[in-house]
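**Student:** Can you look at this prediction? I've put the sequence above it.
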Amino acid sequence: MNPAVELLGLTKEEIVSFVETIGEPAYRGRQIFSGLQHRRLLDFDEMSDLPKNLRNRLKEIAKSSSLTIENRYVSTDGTRRYLMKTHDNLPVETVFIPEERRDTICFSSQSGCPLQCTFCLTAQLGLLRSLTPGEIVEQIIIVLNDVYGVGAETPHGTNLVGMGAGEPFLNFDSLIAALRIMADEDGLFIVPNRVTVSTAGIVPRIYDLAQLDDRPHLAISLAAPTDELRQKLMPINKRWDIDSLMRAAKEFERSLKRGERFTFEYVMLGGVNDTDEQAIELANLLGRYRLKKVKVNLIPHNGAEQLDYTASTPEQVLRFKSILESRDVSAYVRSPRGRDIYAACGQLAAKGESYGLDNAESAVLSV
Ligand code: SF4
């Protein structure tokens, strides 16, 4: 028997083709897409506009859901961290961050991560596997249903950031497929302009992203202004050094439309990458490549007992920021959210649960 089709990972057009293969008219496909993606129903039985015999047929040959919530942690600042589980028992973490003007959902693209950034707890899981498009989409649906109720309108829209567990550009095709599904106006209708995806520097995929018209915003995690230091913090730098990363960033910059910018993220590690000299080196680096349509997000490190780093002091973060600004680099400080529930950047490591993680891969890969 064929494995069940994961309908959350299909576009509206693909669902239409799928229902036609089982002898149903196209409009049934559109109803199913709307049930899943607009009304956010994760159970065929709730789709009361479908005839019972079709719902029963779908239950036999298709899946409307594949993730389950294992745990949910709520921070004192309102941030919620979800620990979900795939059908094959692997952890998936998603974070909801309430904000004044627009809420943000931070989703994962992989279970675990194969990269070994030394400041990140997720790295300690290794790669368990990449997530399917359906598993990426379902994280968003589960969070929206939990926060607002099944099918309820979100009060002021949703931003997405692909900055949870995993390196999104090592799961590029599934990522782009999921974003296209979520952009459909008959579904979640979260357009690419409201999505930011962060990479540790998978250079070939930055060039690929530059070619796409319907692409999300790009953030590149830099963490150091020199190869020597970046190699220690982000071993992926051995595969693609700062020069190749900057050339890709420059190419991406050329593809930006008027008014668009992209981001470098810079995790601030006390006494490691946060000195005045390093701020000057960073500004000089961006200047050498004439990167103008760029901003730098300074992210105070989120500590954990398993990691050897401390956060930069708030004073040093502000000094670093003002040195960048004095050299014409736009810089912002990202305030940490959900630290108390291990929901902040670099803290997602299935904290609170134990999984059989024996088959984890942890390597600097060849792409
Ligand atoms: S910072 Fe991102 S890319 Fe690096 S190990 Fe953590 S999850 Fe992976």
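**Tutor:** Thanks, I have it. Note that the coordinates shown come from a computational prediction; the quantities given were computed from them, not determined experimentally.

**Student:** From now on I want contacts and neighbour counts done on CA atoms only, so please keep to that.
**Tutor:** Fine.

**Student:** interface residues of the stretch 1-150 of the chain facing the ligand?
**Tutor:** By the rule Cα under 6 Å from any ligand atom, the part of the stretch 1-150 of the chain lying against the ligand is 113, 115, 116, 117, 120, 122, 123.

**Student:** Spatially nearest residue to residue 290, not counting backbone neighbours?
**Tutor:** Taking Cα to Cα, 6 or more residues apart in numbering as the measure, residue 290 lies nearest to residue 250, with 7.9 Å between them; neighbours along the chain are not counted.

**Student:** from memory that neighbour sits against residue 291, does it?
**Tutor:** Yes - counting by Cα atoms under 8 Å, residue 250 does reach residue 291; the two are 6.5 Å apart.

**Student:** State the helix or strand in which residue 96 lies.
**Tutor:** Using DSSP states H and E, residue 96 falls within strand 91-97.

**Student:** Contacts made by that strand with the rest, please.
**Tutor:** 78-86, 103-108, 110-112, 139, 143, 164-165, 337, 343, 348, 350, 355 (Cα atoms under 8 Å, 6 or more residues apart in numbering).

**Student:** With stretch 109-118 instead?
**Tutor:** 90-92, 122-131, 136, 162, 164-168, 171, 175, 232-236, 307, 349, 361-365.

**Student:** are any of those buried, and which?
**Tutor:** 90-92, 122-131, 136, 162, 164-168, 171, 175, 232-236, 349, 361-362 (16 or more other Cα atoms under 10 Å).

**Student:** and the residue nearest to residue 333 when sequence neighbours are not counted, backbone torsions?
**Tutor:** Distances taken as Cα to Cα, 6+ apart place residue 298 nearest to residue 333, at 4.7 Å, with adjacent residues excluded. Main-chain dihedrals, residue 298, degrees, to the nearest 10: phi -90, psi 120.

**Student:** Tell me how many other residues crowd residue 298.
**Tutor:** Around residue 298 there are 22 other residues, counting by other Cα atoms under 10 Å.

**Student:** Might one say that it is in contact with residue 266?
**Tutor:** Yes - assessed by Cα under 8 Å, residue 298 is found in contact with residue 266 at 5.0 Å.

**Student:** related to what we said a few turns ago, out of the residues of the stretch 1-150 of the chain next to the ligand, who's nearest residue 71?
**Tutor:** Closest approach between those and residue 71, by Cα to Cα: residue 122, at 17.3 Å.

**Student:** Looking at that closest one now. What's its pLDDT?
**Tutor:** Looking at residue 122, its pLDDT stands at 86.

**Student:** Confirm for me that it is in contact with residue 165.
**Tutor:** Yes - between residue 122 and residue 165 there is a contact under Cα under 8 Å: 6.2 Å.

**Student:** Residue 322 - nearest residue in space that isn't next to it in sequence?
**Tutor:** residue 331 (8.0 Å).

**Student:** and the one you found, bridged to which residues?
**Tutor:** When bridges are called by DSSP bridges, residue 331 pairs up with residue 296.

**Student:** which residues of the protein score low on pLDDT?
**Tutor:** 1-2, 303-305, 339-367 (pLDDT under 70).

**Student:** could you pull out the strands for it?
**Tutor:** Assigned by DSSP state E, the strands in the chain fall at 5-6, 62-63, 68-74, 80-85, 91-97, 103-106, 110-112, 127-130, 158-162, 195-199, 217-221, 262-268, 294-300, 330-333.

**Student:** Report the buried residues of the third one.
**Tutor:** When you say that, I think you mean strand 68-74. 68, 69, 72, 73, 74.

**Student:** Report the angle between the lengthiest helix in the chain and strand 158-162.
**Tutor:** In the chain, with assignment by DSSP state H, the single longest helix is helix 133-148. If you take axes from the mean of the first three to the mean of the last three Cα atoms, to 10 degrees, helix 133-148 sits at 140 degrees to strand 158-162.

**Student:** name the helices or strands packed onto helix 133-148?
**Tutor:** Packing partners of helix 133-148 (3 or more Cα pairs under 8 Å, 6 or more residues apart in numbering; DSSP states H and E): strand 91-97, helix 172-183.

**Student:** Name the nearest residue to the spatially most central residue of the chain, ignoring sequence neighbours.
**Tutor:** For the chain, the residue sitting closest to the mean C-alpha position, by Cα atoms, centre = their mean, is residue 162 at 1.4 Å. Using Cα to Cα, 6+ apart and skipping the chain neighbours, the partner closest in space to residue 162 is residue 197 (4.5 Å).

**Student:** Tell me how many other residues crowd the one you found.
**Tutor:** Residue 197 has 24 nearby residues by other Cα under 10 Å.

**Student:** need the contact list for it.
**Tutor:** 161, 162, 163, 168, 216, 217, 218, 219.

**Student:** Can you tell me how far it is from the ligand?
**Tutor:** 11 Å (Cα to the nearest ligand atom, to the nearest Å).

**Student:** and that residue, bridged to which residues?
**Tutor:** Beta-bridge partners, per DSSP bridges, of residue 197: residue 162, residue 218.
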